[in-house]
Every structure is written in C-alpha cells, then in structure tokens.
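Trainee: fold the following.
(chains A and B)
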Amino acid sequence: GAVVSQHPSWVICKSGTSVKIECRSLDFQATTMFWYRQFPKQSLMLMATSNEGSKATYEQGVEKDKFLINHASLTLSTLTVTSAHPEDSSFYICSARGTTSSYEQYFGPGTRLTVT
Amino acid sequence: EDQVTQSPEALRLQEGESSSLNCSYTVSGLRGLFWYRQDPGKGPEFLFTLYSAGEEKEKERLKATLTKKESFLHITAPKPEDSATYLCAVQYSGGSNYKLTFGKGTLLTVNP
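Mentor: A predicted model of the protein is given here:
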C-alpha cells in the first residue's frame, strides 16, 4: 500500500517552454501533497504544499508564477514549470499524505527535468 | 543553524560490519521523526516513524531508536544491498501543514 507514482520519469525540454509533471496516489486518498526538488548530492528542499481543492502554499524563495501547482482531486497533483530555463533542471519529487491523521509522507519515484 | 543534523555524511562498511547512523534535532514540539532510504535517481522510500522518546522500531537489519535530542538508525550485519542514502526528517508543532524538515543524509556504502 501507499504507492505514489509520477509521470514522466524524465523529460527534456527547450528553454522557454513549459513542462507538466503529474503525481498520483494509487491506492489511497491524499489530503495533502508536497513538491520537492533535489540537486545532485543534496537533500530534498520543499517547494510547496497543496491541499485538495485549495491553493498551494509555497516556501520562501519559490516563485509561484513559475511553479504552478494544481491539486484537483484527492489522488492527483500537478506541477507545471513555466518558461523553463536551464537553472530549473533538477530532480523533482512529490509526496503524499493520507486522509487519516497519519503524519507519514510517501514519495513518488521522482522526475528528472533537463532544460536545454 | 540546521534543525536536523545527520552524521556521518558518509559511511563505508564491510559486509557484516554493524554500525549506527545518527540524526540529531533541535526543534521543539516534535510530532514525529522519520527515516527514509533513497537510492540514486529514485524517490525516498519510507522506513520508520518514531513519535516519542524511548520508542524503537525494527525492520529486517534496521532498528531505529529515539531520544529527546536524537535518533539512531542501527544497521546489523549489513549487506551490499543496504547501500543507499539514509535520510532523517522531522515534523514539529512549529512547522506548518505537516511539513517535513530533512537532514542532509548519510551515504552508506557496504562493500562485499
């Protein structure tokens, strides 16, 4: 149980284009989903938190207009990187927390974004 | 000042050589301390949650313990497949919306 998927697993795009990454909870309903980015040999940095049907809460320093997050249902959240630039190249990982009072977060396999 | 500090940054063991990883935290109002395992190019895999001092949890060769200031992840008779980065994270009452605060991780390499 507690499986989270991400799609695509990797993507290459040209500078100035937008890319959408999907995060799905496959066997549970996710009250809250989180988006992280991870640079090589570094730990996870939280970008934003989203609750189903509500606007995402962004961490300090994360551009809301650049990283658009939509949490339209209890099993799906999307991250859209708009007008991507090479510095946006990174490993993006989502996680999800169930609808119970559990504190555990379960992570997806990650999406490798390369902007050329 | 880092709220979650993991040590050592890297650890190299021989197969069968037991050891411990440390995670110290400075937050107050701990809600939970979490251990994850992360393989290269993959998302973190959930291992344990510890909620209160004195709590212990075990899974195969891993055992996690918690005190009021730190947690240990004990690895008994490790195998090469235990090689990974082990991440520690905390949730605390001052943090918002179930946010996890991560340490920088310990890279464990187990040689055959």
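Trainee: buried set for stretch A:63-72?
Mentor: Buried residues in stretch A:63-72, counting neighbours by 16 or more other Cβ atoms under 10 Å in any protein chain shown, are found at A:67, A:68, A:69, A:71. Backbone N, C-alpha and C define where each C-beta goes, glycine included.
Trainee: restricted to strands, list these.
Mentor: If you go by DSSP state E, those have A:67, A:68, A:69, A:71 in strands.
Trainee: from chain B, how far off is the first one?
Mentor: Distance of residue A:67 to chain B, given as Cβ to the nearest Cβ, to the nearest Å: 17 Å.
Trainee: verify the stated contact: that residue with residue A:35.
Mentor: Yes - assessed by Cβ atoms under 8 Å, residue A:67 is found in contact with residue A:35 at 7.5 Å.
Trainee: contact partners of stretch A:51-66?
Mentor: When contacts are defined by Cβ atoms under 8 Å, 6 or more residues apart in numbering or on different chains, stretch A:51-66 is touched by residues A:30-32, A:45-50, A:67, A:69, A:71-74, A:81-83, A:88, B:96-97.
Trainee: now the buried members of the residues you listed.
Mentor: In the contacts of stretch A:51-66, burial by neighbour count holds for A:30-32, A:46-50, A:67, A:69, A:71, A:74, A:81, A:88, counting by 16+ other Cβ under 10 Å.
Trainee: what is the rounded mean pLDDT of stretch A:41-50?
Mentor: What stretch A:41-50 shows for mean pLDDT is 90.
Trainee: what's in contact with that stretch?
Mentor: Under Cβ under 8 Å, 6+ apart, the answer for stretch A:41-50 is A:32-39, A:56-59, A:62, A:67, A:69-71, A:77, A:79, A:93, B:44, B:87, B:96-100, B:102-105.
Trainee: start to end distance for that stretch?
Mentor: Chord length of stretch A:41-50, first to last residue, is 26 Å (Cα to Cα, to the nearest Å).
Trainee: what stretches of chain A score poorly on pLDDT?
Mentor: When residues are selected by pLDDT under 70, those of chain A lie in A:1, A:99-101.
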